[in-house]
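[1] Using only what follows, build the 3D model:
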Amino acid sequence: MDTTSSRSADDADLRDIARAVAEEARSYLSTVTEVAAGTNPEAALPLVLLAVSDILAAGARLGATTDVVPSERFEPDLGPDPDVDPLHANLANVFEGIDEYVEVVDPLLGEDVEHASVSGDLVAIAGALAQGLRHYETGAVLEALWWWQFSYLSDWGERASSVLRTIQTMLAHLRLDVPDDVATEAEYDALQP
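    Numbers count the residues shown, from 1 in each chain. Take a look at the predicted model:
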């Protein structure tokens, strides 16, 4: 295969990855916006669990891809960033009482912990994905892919991993934490023929 054919195949692969990430980014943004609306509070945790899991799978693909280098040295100015403050406020309201959690800052460098919030992490991920989508929708596919890859490795991948674990832990507590008498009765019932 000559270098021109190889470069064309590489470009096609990158475009396929960008298309898949754009689809996942749109889905994530739609789900987080739906959860923030608070119309179905019983489904909030499962929906966020699925959305974060899906975007992490797309992010893993970005992390496994060789560094994407856009043709321009500087990111084109797309105007002001979208205002995510209302989304953050609404998500904080949805997760009121369970929004804050503690995470390890860098598990390779030590045991230092810091406070984080589910709403803050979900919004940070949304902001990074939306920025990449803005590039993608203007036709700057490599710029979008570079942005998603860079921001995944530098910020939102870690945030998504932390918030995913937190959401999964919340679900585990909701479903498994029961009073001892209820657990004993359920065990008894399970053993009866």
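[2] can you count the residues close to T66?
    9 (other Cβ atoms under 10 Å). Glycine gets a C-beta too; all of them are placed from N, C-alpha and C.
[3] Grab the longest helix from the protein for me.
    Taking DSSP state H as the criterion, the chain has its longest helix at helix 3-37.
[4] got the contact list for the helix or strand just after it?
    Downstream of helix 3-37, the next assigned helix or strand under DSSP states H and E is helix 44-64. Residues outside helix 44-64 that contact it (Cβ atoms under 8 Å, 6 or more residues apart in numbering): 17, 20-21, 24-25, 27-28, 31-32, 34-35, 38, 40, 94-95, 118, 122, 125, 129, 145, 148-149, 152-153, 156-157, 160-161, 163-164, 167-168, 170-171, 174.
[5] what's the least confident helix or strand in this structure, going by average pLDDT?
    helix 180-191 (a mean of 63; mean pLDDT, DSSP states H and E).
[6] In the longest helix of the chain, which residues have enough neighbours to count as buried?
    Neighbour-count burial for helix 3-37, counted by 16 or more other Cβ atoms under 10 Å, picks out 14, 17-18, 21-22, 24-25, 27-29, 31-32, 34-36.
[7] what residue ranges in this structure score low on pLDDT?
    1-10, 70-80, 178-193 (pLDDT under 70).
[8] Mind doing that once more with 80?
    Residue ranges of the chain with pLDDT under 80: 1-11, 67-82, 177-193.
[9] which residues touch T33?
    Per Cβ under 8 Å, 6+ apart, neighbours of T33: L87.
[10] what do you get for E114?
    Counting by Cβ under 8 Å, 6+ apart, E114 touches V102, E103, V105.
[11] Paired strands for the helix or strand containing it, with orientation please.
    Using DSSP H and E, E114 sits in strand 113-117. Here strand 113-117 has these sheet partners by DSSP bridges: strand 100-104 (antiparallel).
[12] what does the strand it pairs with contact?
    By Cβ under 8 Å, 6+ apart, strand 100-104 touches E111, D112, V113, E114, H115, A116, S117, V118, S162, T166.
[13] at 7 Å what do you get?
    Strand 100-104 is contacted from outside by E111, V113, E114, H115, A116, S117, V118, S162, T166, using Cβ atoms under 7 Å, 6 or more residues apart in numbering.
[14] what do you get for stretch 11-19?
    With Cβ under 7 Å, 6+ apart as the criterion, stretch 11-19 contacts R61, T65, V68, Y136, V141, L142, A144, L145.
[15] Reformat those residues as TSV; add neighbour count, secondary structure and distance to D85.
    As requested, the contacts of stretch 11-19 are exported to TSV (neighbours: other Cβ atoms under 10 Å; DSSP: H, G, I helix; E, B strand; the rest coil; distance: Cβ to Cβ, whole Å):
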residue	neighbour count	secondary structure	distance to D85
R61	17	helix	30
T65	13	coil	32
V68	19	coil	30
Y136	22	helix	24
V141	20	helix	29
L142	18	helix	30
A144	24	helix	24
L145	25	helix	27
